[in-house]
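Compute the structure for the input listed below.
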Amino acid sequence: MSASLPRRALAEAVGSAALVAVVVGSGIQATGLTRDVGVQLLANSLATVFGLGVLIALLGPVSGAHFNPAVTLAAWIDGRRTDDGPTARDLAAYIPAQITGAIAGAVLADAMFGEPAVRWSTHDRSAGHLLLGEVVATAGLVLLVFGLSRAGRAALAPVAVASYIGAAYWFTSSTSFANPAVTIGRAFTDTFAGIAPDSVAPFVAAQLVGAALGLTLVAALFGRPAPARPGTPSVHGEPGLAAPTLP
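Okay, here's the model as predicted:
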């Protein structure tokens with residue numbers, strides 16, 4: 001299906017809001033049910049896997065299901081070589097929609113569980129090893145998303161991307177935020193999934209470094225994409241959209 005830019009931006013906002021609501025809400029639910037941090041993280045990661053997979057499958061045909069400024073920027077950079085990626089106008093609509101949606105999702109999750117609607121997180125995540133974890137998590141995500149597209153297997157994205165994020169919850173020290181919009185949104189909740197505002201900028205910087213590294217790995221492993229022929233649709237059947245992702 002071919003959607004107008006306002007409809008695509010709305011899909012990005014709704015998807016980002018739903019994603020953060022899943023992440024924050026499942027974290028609150030888990031901490032209310034058990035004091036075992038391992039079980040809390042397991043519940044949080046499983047809910048994120050299922051929620052993310054559903055959101056990509058549902059909204060991918062509308063907007064590409066980026067829900068992630070790092071992926072949108074990577075798609076724009078990658079698409080400049082082929083003329084089939086997001087335009088600067090798409091970026092100007094997608095990124096604010098993703099960030100606004102992520103904040104709304106955190107506020108919604110807090111409201112559903114009777115928490116203060118907005119309370120800055122006190123969960124400091126500024127340690128260097130956590131930033132390294134974000135570089136690794138984001139690089140792997142970008143490699144997966146664009147690698148699937150180059151390999152002609154973009155249809156696997158809902159399962160593959162959700163599975164990767166679920167695994168990265170456990171194999172990265174940062175629990176794999178891998179998403180600037182989600183990082184900003186999670187600063188608005190002082191719950192299990194929160195991140196202190198002072199830690200947001202370093203996390204986002206690490207994610208952007210990871211996205212650049214991921215694109216470099218895509219080019220090294222799959223080669224540079226061939227220029228698209230005029231009118232050739234992207235992986236979701238419409239010009240101007242790159243492969244989907246997540247948080």
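
so how far is A160 from G140?
Per C-beta to C-beta, to the nearest Å, G140 is found 11 Å from A160. Every residue, glycine included, has its C-beta placed from N, CA and C.

who's more crowded, these two?
Set side by side, G140 and A160 show more neighbours around G140, with 23 against 18, by other C-beta atoms under 10 Å.

C-terminal to the longest helix seen in the chain, what's the next element?
Longest helix of the chain, by residue count under DSSP state H: helix 5-33. The C-terminal neighbour of helix 5-33 among helices and strands, as given by DSSP states H and E, is helix 37-63.

Which element, helix or strand, includes the closest residue to G185 other than its chain neighbours?
Nearest residue to G185, sequence neighbours excluded (C-beta to C-beta, 6 or more residues apart in numbering): A102, at 3.0 Å. Under the criterion of DSSP H and E, A102 resides in helix 88-112.

elements contacting that helix?
For helix 88-112, the elements it packs on are helix 5-33, helix 69-79, helix 180-186, judged by 3 or more C-beta pairs under 8 Å, 6 or more residues apart in numbering; DSSP states H and E.

Deepest in the core, which of these is it.
helix 180-186 (a mean of 30; mean count of other C-beta atoms under 10 Å).

Give me the helices and strands touching it, please.
Using 3+ C-beta pairs under 8 Å, 6+ apart: helix 180-186 touches helix 5-33, helix 69-79, helix 88-112, helix 197-222.

Quick check: the residue lying closest to L73 once chain neighbours are set aside vs M112, distance?
Nearest residue to L73 in three dimensions, chain neighbours excluded: A211, at 6.6 Å (C-beta to C-beta, 6+ apart). For A211, the distance to M112 equals 31 Å [C-beta to C-beta].
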